[in-house]
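Asker: give me coordinates for this.
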Amino acid sequence: MARGTQEVEVKLPVADVQSAKRMLYRAGFRVHKRRLFEDKTIFDTPDETLLKARSMLRLREAGGKAIVTVKGAPIESKHKVREELEVEVSHAGTTRLIFDRLGFRPVFRYQKYRTEYKQPSRSGTATLDETPIGVYMELEGLPAWIDRAARKMGYQEKDYITDSYGRLFRQWREKNLLDQPDMVW
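Answerer: From the prediction side, this is the model:
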C-alpha cells in the first residue's frame with residue numbers, strides 16, 4: 001500500500017477528550033476508526049539534513065502495522081500544507097535497520113492515542129489525539145472544508161496550530177523546565 005498526496009491540516013487545542021467528543025458529535029462527526037495507540041519515530045542524519053530542509057522521515061507503528069512517511073517542507077499558509085508520501089512496510093525492525101544503513105538515526109519519538117472521525121458525505125477527516133502534553137484535534141482536508149469544520153465547532157483562524165508535535169513538545173518542555181528527550185507516556 002502506497003499513498004502520495006498533499007497534506008493540508010491544522011491542529012486545534014481542546015480542553016479534554018470528553019469536550020472534544022461533544023464538539024465533534026455536535027458538528028456531525030462520527031467515529032470512523034476507533035481509538036488506537038500510535039508509536040512514532042522521526043529519523044534524520046547526524047548533521048540534521050532533513051530538519052534543516054524542514055522535511056521529515058517517520059516510522060509509525062500502530063495496530064500491528066508499520067508505515068513509513070516522508071513529508072516535504074511546508075508551504076507558508078494559514079493551514080499546514082506539505083507533500084506527504086506514505087508506504088506500509090512489512091517489518092518495522094527491518095525498516096529501522098535499513099534507515100540505519102542509509103545513515104538515518106532516531107532523533108525523536110512520540111506517542112499518542114488517535115481516534116479518527118468523519119462527517120457523512122464529506123471528504124475531510126478530524127482526529128482526536130491524546131498526547132502526553134495534552135489533547136489536540138486535527139482537521140485534514142481541503143482548506144475550505146477545514147475552515148467550515150473549525151467554525152462549526154467554535155474555532156477561528158487564530159486558533160489554528162500549524163506546528164508539528166515535535167515543536168509543540170519542545171515548547172511544552174521549555175515551559176515546564178523538563179529535560180525529557182521524547183514525548184512518550
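Asker: poorly predicted segments of this structure, please.
Answerer: Counting by pLDDT under 70, the chain shows low-confidence ranges at 1-4.
Asker: chain neighbours aside, what residue packs nearest to D147?
Answerer: Excluding the flanking residues, the one nearest D147 by C-beta to C-beta, 6 or more residues apart in numbering is E157, at 7.4 Å. Every residue, glycine included, has its C-beta placed from N, CA and C.
Asker: can you pull out the helices in the chain?
Answerer: In the chain, the segments counted as helices under DSSP state H are 17-26, 49-52, 92-101, 143-152, 165-175.
Asker: okay, the ones you listed in a markdown table with mean neighbour count and distance to R109 next?
Answerer: Shown next, in a markdown table, are the helices of the chain (neighbours: other C-beta atoms under 10 Å; distance: least, C-beta to C-beta, whole Å):
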| stretch | mean neighbour count | distance to R109 |
| --- | --- | --- |
| helix 17-26 | 15 | 23 |
| helix 49-52 | 14 | 15 |
| helix 92-101 | 14 | 12 |
| helix 143-152 | 17 | 28 |
| helix 165-175 | 15 | 10 |
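Asker: closest to G134 out of these?
Answerer: The closest of those to G134 is helix 165-175. By C-beta to C-beta, the value is 7.7 Å.
Asker: helices and strands around the closest one, which ones?
Answerer: Judged by 3 or more C-beta pairs under 8 Å, 6 or more residues apart in numbering; DSSP states H and E, helix 165-175 is in contact with strand 105-118.
Asker: which helices and strands does the strand it packs on pack with?
Answerer: Going by 3+ C-beta pairs under 8 Å, 6+ apart, strand 105-118 lies up against strand 30-44, strand 125-131, helix 165-175.
Asker: of all the ones you listed, which one is nearest Q18?
Answerer: Closest among those, once you apply C-beta to C-beta, is strand 125-131, at 10.5 Å.
Asker: neighbouring contacts of that closest one?
Answerer: Residues external to strand 125-131 that are found in contact with it (C-beta atoms under 8 Å, 6 or more residues apart in numbering): 11, 14, 17, 20-21, 24, 29, 32, 110-118, 135-141, 149, 165, 183.
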